[in-house]
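Peer 1: Turn this into a structure:
(chains A and B)
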Amino acid sequence: MTLEVDDLRVYYRTLKGDVQALDGVSFGLRDGEILGLAGESGCGKTTLGKALIRLDGRMKHVGGSVTLDGQVLPIGDDVKMNPYRFKQVSLIPQYSMSAMNPTRKIGRMVRELLESRREKLDLDELHSRLDLVELPRHVLGKYPIELSGGMKQRMVMVISTLLNPSLLIADEITSALDVSTQKAVVTTLKGFRDRGFVKSMIFITHDISLTNQLADTIMVMYAGKLAEKAPASTVVNAPKHPYTQLLISSLPEVGVRYADKRLTGIPGNPPSLLKPEPGCRFRDRCPLAFEKCAEDPPPVEVEKDHVVACWKAA
Amino acid sequence: MRRYFGRKLLIYGLTFFMAVTVNWLVPRLMPGDPVASMLARARVAQPEAQEALRVYYNNLFGFDLPWWQQYLNSWGSLFRGDFGISLWAFPTPVADLLTRAVPYSLALLIPSILLSWVVGNRLGALAARRKVLDNTVLPVSYVLTATPYLWLAALMAWGFGVVWGIFPVAGGYSFSMTPSLTWAFLVDLFWHWLLPFASLFLVALGGWAIGMRNVIIYELESDYANYMSALGAPQKLIRRYAFRNAVLPQITGLALQLGVLVAGALVTEIVFSYPGLGSLILAAIQNKDFFLLQGAFLFIVLGVLIANFIIDVVYVIVDPRTRVGMAGAAA
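Peer 2: Presented below is the predicted three-dimensional model:
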């Protein structure tokens, strides 16, 4: 196991009280595994991604632990977390287009960043990785503004993985890209894993069909809790949790005409996480809900590597 | 690049033309006749002699010509470097008065503008996101920047000069001294310079500190700062980047503020009777001295334009994005 997350709780401080954005999530990640983290907006997937590398000022680590390569990560302590960042855990952010300092040449910025972490810049290695993502070497002498959007994205991917981190978090990195570029990014990420640049990866997205192309395992979250986690093909073809089922069935299928059948979403909205009521958080929208759902459904391993948090599925 | 500077130079040229025209026009629109007041000063009783003097003066200053010819002549003499003869300090040429005053003004302006900019920016950058410093620097800066130049200058002259008697309150140097390159004179010069400089410096300082603090906070929230933090870069490096990027709008701010700072310096000079352009302008207005006023304003306009041009050049050097914008981006 590269990564062990145990009962992780991260809340947002607000004036009205704590928002329980991540409420007791546990999962593991094997060496070489790519985990696709899916769910709708506000389900806690970005919070989980941030919790593993850097909490922002409003977030607070309430409970649970994160273990990476046998070491417990001090995720609640911004300063103590620093030595692990970049070297053990790294991030490809949502905002690749603006992630680089606009007034530094890229090569110089990379060198300064590495020097600040007391790492030597291996220029040959950097060049070979640029070749790998098909960036010309002279981009290092350019300012970020001189690169196209796709080039910036690839450059950030190279920078983030330069120190071969154990865990790479890719947070919604394909959201702003067109479909063909999305495919290229997914292929590149797979290549990084296969070459051992990164040991394991968490790919956060709301796009299940894209996740399916990349991830070995897909984890679906709902309202700050784990709903279902299973190998990618199982989640797509034989989901057990009613939320996952509805999520998959609301995806359009290629080649199918929807003339006589309207695509439906999932009616209703996720509950407020400010003071959520006990019990299954999906029960208000769930077609299968019954009395038992007033109790919290524990995540249960229904078959090997297939975890579902639902009374009906267990 | 050449097109950019070509366009800039054209704009500066146009500004200069407009400024000279307005400069020529404004004194002539002021009420009162300067020749009449010169005649009054001459105390000539006989009407014939007075008439003769009037014709002489009008001819000397060219007031008997049609206005358009006066205007064209003023351009001609401008290019010859001839600013005319002062009416107030008749018959001293305006150029002499100006060359005597300009060093004093520059000695006040350049250090106060540059130092307040540098120190204010450092102070603001230091205060941003640091609770204790922020809670002290910010209110003090607000008070300083809201203070009128005139008021702070008067307050300092009164406090340090009159009440405590530490500093002299008037003049560029003591009346008992003659200008010479001796230590005693230089020290005296410095002593007279200190109060006007300090009042200019302090008022400008507050504005720069506030501006810098706000821009730095904005930069520290930016995506690249977040990315660097996520990769564990030390605060020192992130702040260095933030400062570098925050300085850019401050450079623009300097260009915009230049005119205000010069105006503030003129007023401050008057408060301290400092023998610079400000005192000269006051005398010129009081005596309807067209030529002196024109010459003094011309110097100020030229100075501000040149300073702005330098800032334009500096900006192109420090911000790569302007350069890329000129050359066009590579795909």
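Peer 1: Show me the shaky parts of the chain.
Peer 2: No chain specified, so I'll use chain A. By pLDDT under 70, the low-scoring segments of chain A are A:253-263, A:314.
Peer 1: Sorry, I should have been clearer: chain B.
Peer 2: For chain B (pLDDT under 70), the answer is B:324-331.
Peer 1: ok, which residues in it are in contact with chain A?
Peer 2: B:222-224, B:226-234, B:236-237, B:241, B:244-245, B:248, B:318-321, B:324, B:329-331 (C-beta under 8 Å from any C-beta of the partner chain). For the C-beta atoms, the positions are set from N, CA and C on the backbone; glycine is no exception.
Peer 1: which ones are touching residue B:120?
Peer 2: The contact partners of residue B:120, by C-beta atoms under 8 Å, 6 or more residues apart in numbering or on different chains, come to B:141, B:204-209, B:211-212.
Peer 1: Pull out the buried residues from the host helix or strand of it.
Peer 2: For residue B:120, the host element (DSSP states H and E) is helix B:94-127. If you call a residue buried by 16 or more other C-beta atoms under 10 Å in any protein chain shown, then helix B:94-127 has these buried ones: B:94-95, B:97-98, B:101-102, B:104-105, B:107-109, B:112-113, B:116-117, B:120-121, B:123-127.
Peer 1: swap in stretch A:116-128?
Peer 2: Neighbour-count burial for stretch A:116-128, counted by 16+ other C-beta under 10 Å, picks out A:116-117, A:126.
Peer 1: Sort out for me which of the residues you listed are in helices.
Peer 2: A:116, A:126 (DSSP state H).
Peer 1: And the buried residues of stretch A:116-128, which is closest to chain B?
Peer 2: residue A:116 (4.5 Å; C-beta to the nearest C-beta).
Peer 1: does the closest one really touch residue B:234, like I thought?
Peer 2: Yes: Residue A:116 lies in contact with residue B:234 (C-beta atoms under 8 Å); the separation is 5.3 Å.
Peer 1: all helices of the stretch 51-200 of chain A, in order?
Peer 2: Secondary structure of the stretch 51-200 of chain A by DSSP state H, counting those that start in this stretch: the helices cover A:78-81, A:106-116, A:123-132, A:149-160, A:179-194.
Peer 1: quick check, the third one touching chain B?
Peer 2: If I follow you right, that is helix A:123-132. No: under the criterion of C-beta under 8 Å from any C-beta, chain B is not reached by helix A:123-132; the shortest gap measures 15.1 Å.
Peer 1: Report the inter-axis angle for that helix versus helix A:106-116.
Peer 2: 130 degrees (axes from the mean of the first three to the mean of the last three C-alpha atoms, to 10 degrees).
Peer 1: Kindly report the same for the longest one.
Peer 2: For the pair helix A:179-194 and helix A:106-116, the angle between their directions (the same axes, to 10 degrees) equals 40 degrees.
Peer 1: Tell me the helix or strand right after helix A:179-194.
Peer 2: strand A:200-204.
Peer 1: now the helix or strand containing residue A:220, how far from the centre of its chain.
Peer 2: Using DSSP H and E, residue A:220 falls within strand A:217-222. Taking C-alpha atoms, centre = their mean, to the nearest Å, one finds strand A:217-222 lying 10 Å from the centre of the chain it belongs to.
Peer 1: Packing partners of that strand?
Peer 2: Applying 3 or more C-beta pairs under 8 Å, 6 or more residues apart in numbering or on different chains; DSSP states H and E, one finds that strand A:217-222 contacts strand A:34-38, helix A:208-214, strand A:225-231, helix A:232-237, helix A:242-249.
Peer 1: and that strand, which strands flank it?
Peer 2: Within its sheet, strand A:217-222 is paired with strand A:34-38 (parallel), strand A:225-231 (antiparallel), according to DSSP bridges.
Peer 1: Just the element for the residue of the stretch 201-331 of chain B found nearest chain A, please.
Peer 2: Going by C-beta to the nearest C-beta, chain A is nearest to residue B:232 of the stretch 201-331 of chain B, at 3.2 Å. Counting by DSSP H and E, residue B:232 is held by no secondary-structure element, helix or strand.
Peer 1: roughly how far apart are it and residue A:289?
Peer 2: Using C-beta to C-beta, to the nearest Å, we find residue B:232 at a distance of 45 Å from residue A:289.
Peer 1: Equivalent analysis for residue B:187, please.
Peer 2: 90 Å.
Peer 1: Show me which of these two is the more surrounded one.
Peer 2: residue A:289 (17 against 11; other C-beta atoms under 10 Å in any protein chain shown).
Peer 1: hang on, the earlier thing: looking at the helices of the stretch 51-200 of chain A, which one is packed in the most?
Peer 2: Mean neighbour count (mean count of other C-beta atoms under 10 Å in any protein chain shown) peaks for helix A:149-160 among the helices of the stretch 51-200 of chain A, with a mean of 22.
Peer 1: Provide the contact partners of it at residue level.
Peer 2: A:86, A:90-93, A:96-97, A:99-100, A:106, A:110, A:113, A:126, A:129-130, A:133-135, A:139, A:144, A:147, A:168, A:173, A:176-177, A:181, A:184-185, A:188-189, A:192, B:227, B:231.
Peer 1: again, 6 Å this time
Peer 2: Applying C-beta atoms under 6 Å, 6 or more residues apart in numbering or on different chains, the external contacts of helix A:149-160 come out as A:90, A:92, A:96-97, A:99, A:110, A:129, A:133, A:135, A:181.
Peer 1: List the contacts of residue 181.
Peer 2: In the absence of a named chain, chain A is used. residue A:150.
Peer 1: Just give me the neighbour total for residue 165.
Peer 2: I'll assume chain A. Count around residue A:165 with other C-beta under 10 Å applied: 25.
Peer 1: other chain: chain B
Peer 2: By other C-beta under 10 Å, the residues close to residue B:165 number 9.
Peer 1: Give me the residue at the spatial middle of the chain.
Peer 2: Just so you know, I chose chain A. Residue closest to the average C-alpha location in chain A (C-alpha atoms, centre = their mean): residue A:204, at 2.7 Å.
Peer 1: oops, chain B please
Peer 2: Centre-nearest of chain B using C-alpha atoms, centre = their mean is residue B:262, 2.2 Å out.
Peer 1: and stretch B:129-149, which residues are buried?
Peer 2: Buried, per 16+ other C-beta under 10 Å, within stretch B:129-149: B:129, B:134, B:137-138, B:141, B:144-145, B:147, B:149.
Peer 1: can you list those in TSV and add distance to residue B:284?
Peer 2: Listed next are the buried residues of stretch B:129-149 as TSV, based on distance: C-beta to C-beta, whole Å:
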residue	distance to residue B:284
B:129	49
B:134	45
B:137	40
B:138	41
B:141	35
B:144	31
B:145	30
B:147	27
B:149	20
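Peer 1: ok, residue 275 - how many residues close by?
Peer 2: Since no chain was named, I'll use chain A. 11.
Peer 1: that's the wrong chain, I meant chain B
Peer 2: Neighbours of residue B:275 (other C-beta under 10 Å): 19.
Peer 1: Surely it is within a helix?
Peer 2: No: Residue B:275: not assigned to a helix; according to DSSP: H, G, I helix; E, B strand; the rest coil it is coil.
Peer 1: The nearest residue to residue B:184 once chain neighbours are set aside - how many residues pack around it?
Peer 2: Leaving aside its sequence neighbours, residue B:184 sits nearest to residue B:177 (C-beta to C-beta, 6 or more residues apart in numbering or on different chains; 7.5 Å). Neighbours of residue B:177 under the rule other C-beta under 10 Å: 13.
Peer 1: what's the residue of the stretch 201-331 of chain B closest to chain A in contact with, if anything?
Peer 2: Residue B:232 neighbours (C-beta under 6 Å, 6+ apart): A:82, A:85-86.
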